[in-house]
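Visitor: Requesting a structural model of the entry that follows:
(one chain, ligands or ions: 1)
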Amino acid sequence: MTTAFTEAATSHFARIREGDLDLQIHYNDCGQGPETVVMLHGSGPGASGWANFNRNIAPLVEAGYRVILMDCPGWSKSDSIVCTGSRSDLNARVLKGLLDVLGQERVHILGNSMGGHSAVAFALAYPHRVGKLVLMGGGTGGPSPFVPMPTEGIKLLQGLYREPTIDNLKKMMSVFVFDASDLTEELFQTRLDNMLSRRDHLENFVKSLAANPKQFPDFSPRLGEISASTLVIWGRNDRFVPMDTGLRLLGGIPNSELHVFNSCGHWAQWEHADKFNRMVLDFLSH
Ligand SMILES: O=C(O)CCC(=O)/C=C/C=C(\O)C(=O)O
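Guide: Residues are numbered from 1 along each chain as shown. I've put the predicted structure just below:
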């Protein structure tokens with residue numbers, strides 16, 4: 001059976017009031033089931049839950065999970081924001097607010113890059129609300145002992161925020177994945193349209209970086225507090241967030257395991273979607 005969901009048919013908004021935050025947040029709500037998987041996207045210009053996870057939704061829904069894709073503040077159809085502190089913690093607070101609105105007490109969280117950083121922030125702030133964690137190409141900021149920071153991918157990402165052109169988008173995306181021949185003109189165009197439709201998001205990201213260049217704090221000293229069973233997944237050829245971050249997560253989170261895909265960049269859930277989906281389903285069900 002193949003489940004055909006569309007972005008438009010699953011699109012919803014919620015008003016999140018959490019402390020001093022008052023934001024309109026967009027999310028996609030797919031399928032039904034006793035357990036819910038939240039998917040959190042990365043921080044590239046034009047990213048969204050749908051753009052990051054379109055190859056992963058149907059297999060989880062068909063296996064009986066409800067899947068919620070939250071667009072973080074500053075991306076896609078969610079409200080824009082200038083973030084001067086920890087963006088990982090900001091996203092965690094917004095997710096808590098969304099789960100309260102949806103009446104979801106406990107969820108599994110699958111996060112890509114910034115989404116992984118935010119999933120860890122959520123697990124540290126609200127441990128009783130987390131089932132299992134899946135972290136791909138993210139989970140904590142902090143320095144790499146092996147790779148100069150910012151990495152070449154992050155430099156291209158920041159350059160694209162400053163100058164959102166098709167050429168800069170293609171430069172970033174070619175470093176993003178291991179095999180750039182998989183990237184179609186349609187994918188570039190969709191991503192460009194997403195980016196340019198919200199210039200406020202682009203400008204606010206640049207302002208946020210100027211106010212606080214370290215948007216994603218280093219959670220290394222606190223990883224031992226995470227009791228959730230955690231699957232860490234990395235691409236060996238990740239040029240955005242280096243693989244040694246995955247090793248740090250493995251070393252720090254007591255109940256964790258790490259899978260490294262060869263011939264894989266920063267988008268494991270897209271580049272190796274079939275195997276990724278099987279691994280996640282197996283991990284969630286045992
Ligand atoms: O700076 C970091 O540590 C996180 C970078 C990040 O989140 C990049 C993600 C990019 C995408 O997933 C995307 O553009 O789709």
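
Visitor: all contacts plus neighbour counts: C-alpha atoms, from now on.
Guide: Will do.

Visitor: which one's the longest strand in this protein?
Guide: Under DSSP state E, the strand in the chain containing the largest number of residues is strand 21-30.

Visitor: Note down every partner strand of that one and its orientation.
Guide: Here strand 21-30 has these sheet partners by DSSP bridges: strand 11-18 (antiparallel), strand 65-70 (antiparallel).

Visitor: Which among those is found nearest to the ligand?
Guide: Of all the strands paired with strand 21-30, it is strand 65-70 that lies closest to the ligand, at 13.4 Å by Cα to the nearest ligand atom.

Visitor: Identify all contacting residues around the longest helix seen in the chain.
Guide: Using DSSP state H to define each element, the chain has its longest helix at helix 87-102. Applying Cα atoms under 8 Å, 6 or more residues apart in numbering, the external contacts of helix 87-102 come out as 14, 16-18, 25, 70, 72-73, 83, 105, 114-115, 117-119, 121-122, 125, 215-217.

Visitor: ok, 7 Å please
Guide: With Cα atoms under 7 Å, 6 or more residues apart in numbering as the contact definition, helix 87-102 has outside contacts at 14, 16-18, 72, 105, 117-119, 121-122, 215-216.

Visitor: Please, a PyMOL command that selects the buried ones among these?
Guide: Selecting just the buried residues from the contacts of helix 87-102 in PyMOL takes one command, with 16 or more other Cα atoms under 10 Å as the test:
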select buried, resi 16+72+117+118+119+121+122+215+216
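
Visitor: Where does the prediction get shaky in this structure?
Guide: Per-residue confidence for the chain (pLDDT under 70) gives these ranges: 1-4.

Visitor: re earlier: which one of the strands paired with strand 21-30 is the most hemmed in?
Guide: Ranked by average neighbour count under the criterion mean count of other Cα atoms under 10 Å, the strands paired with strand 21-30 are headed by strand 65-70 at a mean of 23.

Visitor: so does it get close to the ligand?
Guide: No. No part of strand 65-70 sits close enough to the ligand to count as contact by Cα under 6 Å from any ligand atom; the gap is at least 13.4 Å.

Visitor: May I have that strand as PDB, with CA atoms only?
Guide: In PDB, the C-alpha atoms belonging to strand 65-70 read as follows (Å, rounded to 0.1, in the frame of the first residue of the first chain):
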ATOM      1  CA  TYR A  65       2.200   6.100  13.400                       C
ATOM      2  CA  ARG A  66       0.800   9.600  13.500                       C
ATOM      3  CA  VAL A  67       3.500  11.900  12.000                       C
ATOM      4  CA  ILE A  68       3.700  15.600  12.800                       C
ATOM      5  CA  LEU A  69       6.100  17.800  10.900                       C
ATOM      6  CA  MET A  70       6.600  21.100  12.700                       C
END
